[in-house]
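J.: I would like the atomic coordinates for the input below:
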Amino acid sequence: MNKAQSGAQAYQQQEQGYRDKALKMYPWVCGRCAREFVHSNLRELTVHHIDHNHSNNPADGSNWELLCIYCHDNEHNKFHEFVLYGGTTEQKVAPATHNPFADLKALLNKPK
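T.: Numbering: from 1, shown residues only. Model prediction:
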């Protein structure tokens, strides 16, 4: 077994540990879209780390929320775009001061 395989197994064990805890702590409902889950579709309910740090797994579950796979992907896409492009709030743009029609009346009334 190489390092990559052993690292992947360790990650899977860690993930399974906090996933089991989160599923026992929280109702099986997506925290974004409120979709409810049962045993037959529970594999579609994921544990999202609120601070995006997968190593931050406090025993009280304060860094976890249960999200369906679609909402989980959306959360990670929003975070990725924030990292790439900065804040998600609209930036203030100063109003235009140039008026292209300021002299239009004078131009229209200009004798030919």
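J.: thought residue 69 was touching residue 42?
T.: No. Using Cβ atoms under 8 Å, residue 69 is not in contact with residue 42; the gap is 11.4 Å. (Glycine included, C-beta is placed from N, CA and C.)
J.: And residue 110, how close does it get to residue 104?
T.: 11 Å (Cβ to Cβ, to the nearest Å).
J.: just the strands in this protein please.
T.: Using DSSP state E, the strands of the chain run over residues 45-49, 64-68.
J.: Can you tell me which of the ones you listed is most buried?
T.: strand 64-68 (a mean of 22; mean count of other Cβ atoms under 10 Å).
J.: Pull the distance from that strand to the chain's centre.
T.: Strand 64-68 sits 11 Å away from the centroid of its parent chain (Cα atoms, centre = their mean, to the nearest Å).
J.: Pairing partners for that strand, with directions?
T.: Sheet pairing of strand 64-68 (DSSP bridges) gives strand 45-49 (antiparallel).
J.: Quick one: residues in contact with the strand it pairs with.
T.: Outside strand 45-49, the residues that touch it by Cβ atoms under 8 Å, 6 or more residues apart in numbering are 15, 18-19, 22-23, 28, 30-31, 37, 56-57, 63-69, 72, 75.
J.: Inside helices: which ones of these?
T.: 15, 18, 19, 22, 23, 69, 72, 75 (DSSP state H).
J.: Just name the closest of these to residue 82, please.
T.: Minimum distance to residue 82 across the ones in helices among the contacts of strand 45-49 is 10.7 Å, recorded for residue 75 (Cβ to Cβ).
J.: Okay, buried residues for stretch 75-95 please.
T.: Residues of stretch 75-95 classed as buried under the neighbour-count rule (16 or more other Cβ atoms under 10 Å) are residue 75.
J.: Number the chain from 537, please
T.: Happy to do that; since the first residue is 537 now, the last one works out to stretch 611-631.
J.: Excluding chain neighbours, give the residue nearest to the spatially most central residue of the chain in space.
T.: For the chain, residue 611 is the residue whose C-alpha lies nearest the centre (Cα atoms, centre = their mean; 1.8 Å). Leaving aside its sequence neighbours, residue 611 sits nearest to residue 584 (Cβ to Cβ, 6 or more residues apart in numbering; 5.8 Å).
J.: Perfect, I'm done here.
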